[in-house]
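Participant: starting from these lines, generate the structure:
(one chain, ligands or ions: 2)
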Amino acid sequence: MIGKDIKQAIEILNKEQLVAIPTETVYGLGGNALSSKAVAEIFKVKNRPSFDPLIIHTDSLEKVKKYVAFIPEQAMLLAREFMPGSLTLLLPKNNNIPDLVTSGSPLVAVRLPQHAMTLELLSQLDFPLAAPSANPFGYISPTTAQHVNNQLGKKIPYILDGGPCEIGLESTIIGFEGDEAIIFRRGGLAVESIEALIGPVKVLTHSTSNPKTPGQLKSHYAPRTDFEIGDPVMLLDQYQGKKIGVISFSKNYEQVSLANQIILSKSGDFSEAARNLFAGMRHLDSLGLDLIIAELLPEKDLGRAINDRLRRAAA
Ligand code: TXA
Ligand code: MG
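Facilitator: Ligands and ions are numbered 1, 2, ... in the order given. Down below sits the predicted model:
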């Protein structure tokens with residue numbers, strides 16, 4: 001069921017059942033992070049392998065301190081500036097966080113989502129919510145309640161509808177090793193904003209072999225339709241006769257009907273493009289096309305995070 005009833009969501013979560021929650025990045029599939037039963041249900045509903053750990057969500061830095069052993073100085077600076085927001089911190093976990101949540105890692109991923117409805121919900125819970133993106137494992141993350149309902153509606157009792165996600169890309173994940181800060185996943189908070197605060201950071205690029213975090217899995221966030229990256233004009237020429245959809249940054253490619261085309265931002269705005277990306281991918285994926293062609297954005301700011309998702313959709 002889809003609704004806006006926070007009380008009902010709380011009742012369900014208190015029974016160790018799951019509720020999909022809105023955040024500014026993407027919708028999450030939430031359950032009591034301290035309950036093995038709820039956490040196991042999250043893995044089951046998503047069909048997610050147990051080696052892929054979950055982010056925990058809460059509404060204040062004070063509460064975060066209950067679940068982590070300590071907060072390094074750089075993490076503290078980032079938390080003060082960007083929390084709540086599209087940033088996830090990897091921190092040494094406390095014993096009260098079940099190993100199932102972190103897939104056995106001594107680190108726990110922590111996030112304060114910037115969404116009024118969900119902050120209100122979290123403030124009324126006496127446990128943090130474990131919440132991966134509310135999609136089947138490997139598929140595109142949901143940015144509306146309807147997206148969640150389409151795929152998981154029959155498997156979960158409640159979807160809290162907080163409107164379309166304002167950022168539209170998953171959070172940026174950052175960890176700390178000694179004095180070094182390391183980006184494990186590009187996301188809704190641009191690396192430039194992080195570096196402006198704490199100086200240069202290292203960005204891990206994804207690999208298929210031995211990923212440190214499965215968010216680095218090369219093939220992920222993927223539609224079912226074949227997906228290729230490149231210059232639409234060249235590829236359209238190469239694949240003449242096929243039913244093709246195009247995702248472009250700001251240009252209209254007249255060779256393709258407007259119905260089969262997603263223009264992410266006519267004015268070339270990265271934030272607008274990010275907001276439209278996943279809904280656009282889902283839409284084209286529903287049209288029964290032979291191929292989706294996407295062009296890359298300029299490699300800066302959120303353009304880089306968008307390109308990361310496009311590359312993984314194509315992998
Ligand atoms: O914006 C977001 O981060 C959304 C919303 C719902 O908060 N959540 C999200 O969760 O994208 P998920 O599970 O789809 O992606 C979380 C990523 C995974 O790739 C996981 O491997 C990584 O975070 N992760 C979680 N806990 C970790 C840990 N302890 N160590 C390393 N990586 C971790
Ligand atoms: Mg996900």
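Participant: please make it C-alpha for all contacts and neighbour counts, starting now.
Facilitator: OK.
Participant: in a strand, V110, correct?
Facilitator: Yes. Counting by DSSP: H, G, I helix; E, B strand; the rest coil, V110 falls inside a strand.
Participant: is F184 within a helix or a strand, and which one?
Facilitator: Per DSSP states H and E: F184 is located in strand 180-185.
Participant: please apply the same query to G245.
Facilitator: Counting by DSSP H and E, G245 is part of strand 244-248.
Participant: and that strand, what does it pack onto?
Facilitator: Here strand 244-248 touches strand 261-263, helix 270-285, strand 291-294, going by 3 or more CA pairs under 8 Å, 6 or more residues apart in numbering; DSSP states H and E.
Participant: switch the cut-off to 10 Å
Facilitator: For strand 244-248, the packing partners by 3 or more CA pairs under 10 Å, 6 or more residues apart in numbering; DSSP states H and E come out as strand 226-229, helix 232-238, strand 261-263, helix 270-285, strand 291-294.
Participant: tell me if stretch 31-38 is near ligand 1.
Facilitator: No. If you take CA under 6 Å from any ligand atom as the test, stretch 31-38 misses ligand 1, and the best it gets is 11.4 Å.
Participant: straight-line length of that stretch, end to end?
Facilitator: End-to-end distance of stretch 31-38 (CA to CA, to the nearest Å): 5 Å.
Participant: average pLDDT for it, rounded please.
Facilitator: The average of the pLDDT scores along stretch 31-38 is 98.
Participant: starting at the chain centroid, how far to it?
Facilitator: 20 Å (CA atoms, centre = their mean, to the nearest Å).
Participant: can you mark which positions in that stretch are buried?
Facilitator: Applying a neighbour-count criterion of 16 or more other CA atoms under 10 Å, one finds G31, N32, A33, L34, S35, S36, A38 buried in stretch 31-38.
Participant: what's near enough to touch the residue lying closest to K46 once chain neighbours are set aside?
Facilitator: Spatial nearest neighbour of K46, excluding adjacent residues (CA to CA, 6 or more residues apart in numbering): P136 at 4.5 Å. Applying CA atoms under 10 Å, 6 or more residues apart in numbering, one finds that P136 lies in contact with F43, K44, V45, K46, N47, R48, P142, V148, Q151, L152, Y221.
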